[in-house]
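In: got a predicted structure plus its sequence, pasted below:
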Amino acid sequence: MSDKTMSAEEAVSRLESGMTLGIGGWGSRRKPMALVRALLRSEVTDLTVVSYGGPDVGMLAAAGRIRRLVAAFATLDSIPLEPHYRAARESGALELTEVDEAMFLWGLRAAAHRLPFLPVRAGLGSDVMRVNPGLRTVTSPYEDGETFVAMPALRLDAALVHVNRADRLGNGQYLGPDPYFDDLFCEAADAAYVSCERVVDTAELTKEAPPQSLLIKRHTVTGVVEAPSGAHFTSCAPDYGRDEAFQKRYATTPWAQFAARYLAGDEQAYRSAVGEDS
């Protein structure tokens, strides 16, 4: 066991252009935004991004860092369609593999278990099969003879996730209402970087919540980044909710103007700019 703590910049320095990158969270909820902002300050590009998409997808798409997106949706939750993603998609700036939410989940599960695919009913009888002509079906070898979609594994070179607490060894804890499949992102990846609101001693993890809240296991984690407010402007319940005013500003501001104001400096500069404009 070893100390896996590092800075966001150190984590991003281990990423390379052309990688397949999984990003945890869901829509505009508990996204690893501090890590995404560090990624935007790097030169890493040409990414295949796998995400239940939110502003992580919007920002990376607007900055031209995504070659291909694998997603079930891209939303800001209280703003139904992520506008910067929409602009990139409408301009043809990225390729899109769009699948059903359950198919996405089983793709992560297959990768986590190092299986080439898993059978799933979701997608049958829908346009998912039409818009993804590469998808195949399989027939049960048992008496039922049922046909399933063979959802291919969503193998990841690296994953970025954000949780409420973590220890230095890589155990990650969520305290909110939903795990958002962040454990599967870590298990499906060759390397996983977990940001958290606060790094605590291992013994402290079970003082605040039960053992079941220890979502992410240390053996799946490569690096731990302490990033207070690291999910901003998305929510990280119960530590804080979504910053709706800032999200609206993000959604209605031209990308070049937003990036110049909030992404030109380091994380401290970001926080200062947010505070000045609140």
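Out: Structure's in. What do you need?

In: immediately after the one helix or strand residue 185 maps to, which helix or strand?
Out: Following DSSP states H and E, one finds residue 185 within helix 182-187. Counting by DSSP H and E, the element after helix 182-187 in chain order, helix or strand, is strand 189-199.

In: that older thread, can you list the helices and strands that the helix holding residue 185 packs against?
Out: Judged by 3 or more C-beta pairs under 8 Å, 6 or more residues apart in numbering; DSSP states H and E, the packing partners of helix 182-187 are helix 101-112, strand 156-166, strand 189-199. All C-beta atoms are positioned from the backbone trio N, CA, C, and that covers glycine.

In: tell me which strands and helices the last one is in contact with?
Out: I take that to be strand 189-199. helix 33-40, strand 156-166, helix 182-187, strand 223-226.

In: okay if I get the helices and strands packed on helix 182-187 as CSV plus mean pLDDT, mean neighbour count and distance to residue 236?
Out: Formatted as CSV, those follow (pLDDT from 0 to 100; neighbours: other C-beta atoms under 10 Å; distance: least, C-beta to C-beta, whole Å):
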stretch, mean pLDDT, mean neighbour count, distance to residue 236
helix 101-112, 97, 22, 21
strand 156-166, 98, 27, 7
strand 189-199, 98, 23, 6
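
In: need those in TSV (columns: distance to residue 36).
Out: Output for those, formatted as TSV (distance: least, C-beta to C-beta, whole Å):
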stretch	distance to residue 36
helix 101-112	19
strand 156-166	7
strand 189-199	10
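
In: and of these, who's closest to residue 6?
Out: In terms of C-beta to C-beta, the element of the helices and strands packed on helix 182-187 nearest to residue 6 is strand 189-199, at 8.0 Å.

In: chain center to that closest one: distance?
Out: How far strand 189-199 lies from its chain's middle: 11 Å, per C-alpha atoms, centre = their mean, to the nearest Å.

In: got a list of contacts for the helix or strand just after that strand?
Out: Once the chain leaves strand 189-199, the next helix or strand it forms, by DSSP H and E, is helix 202-208. With C-beta atoms under 8 Å, 6 or more residues apart in numbering as the test, helix 202-208 has contacts from 165, 167, 169, 171, 173, 175, 213, 214.

In: and the two most separated of those residues?
Out: Maximum pairwise distance in the contacts of helix 202-208, criterion C-beta to C-beta, is 18.5 Å, between 169 and 175.

In: buried residues, stretch 9-19. List them.
Out: 11, 12, 15, 19 (16 or more other C-beta atoms under 10 Å).

In: residue ranges in the chain under the pLDDT threshold?
Out: Scanning the chain for pLDDT under 70 picks out the ranges 1.

In: now the strands: where do they sit in it?
Out: 20-23, 47-51, 66-71, 95-98, 117-120, 136-139, 147-152, 156-166, 172-173, 189-199, 223-226 (DSSP state E).

In: out of the ones you listed, flag the one nearest residue 246.
Out: strand 156-166 (16.7 Å).

In: how far off centre is that closest one?
Out: 8 Å.

In: strand partners of that strand, parallel vs antiparallel please.
Out: Neighbouring strands of strand 156-166 in its sheet, by DSSP bridges, are strand 20-23 (parallel), strand 172-173 (antiparallel), strand 189-199 (parallel).

In: and the first one, how far out from the chain middle?
Out: Between the centre of strand 20-23 and the centre of its host chain there is 7 Å, according to C-alpha atoms, centre = their mean.

In: CA atoms of that strand as CSV?
Out: The C-alpha trace of strand 20-23 is given here as CSV (Å, rounded to 0.1, in the frame of the first residue of the first chain):
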residue,chain,number,x,y,z
THR,A,20,-10.1,6.5,-24.6
LEU,A,21,-11.1,8.5,-21.5
GLY,A,22,-14.0,7.7,-19.2
ILE,A,23,-15.5,10.5,-17.1
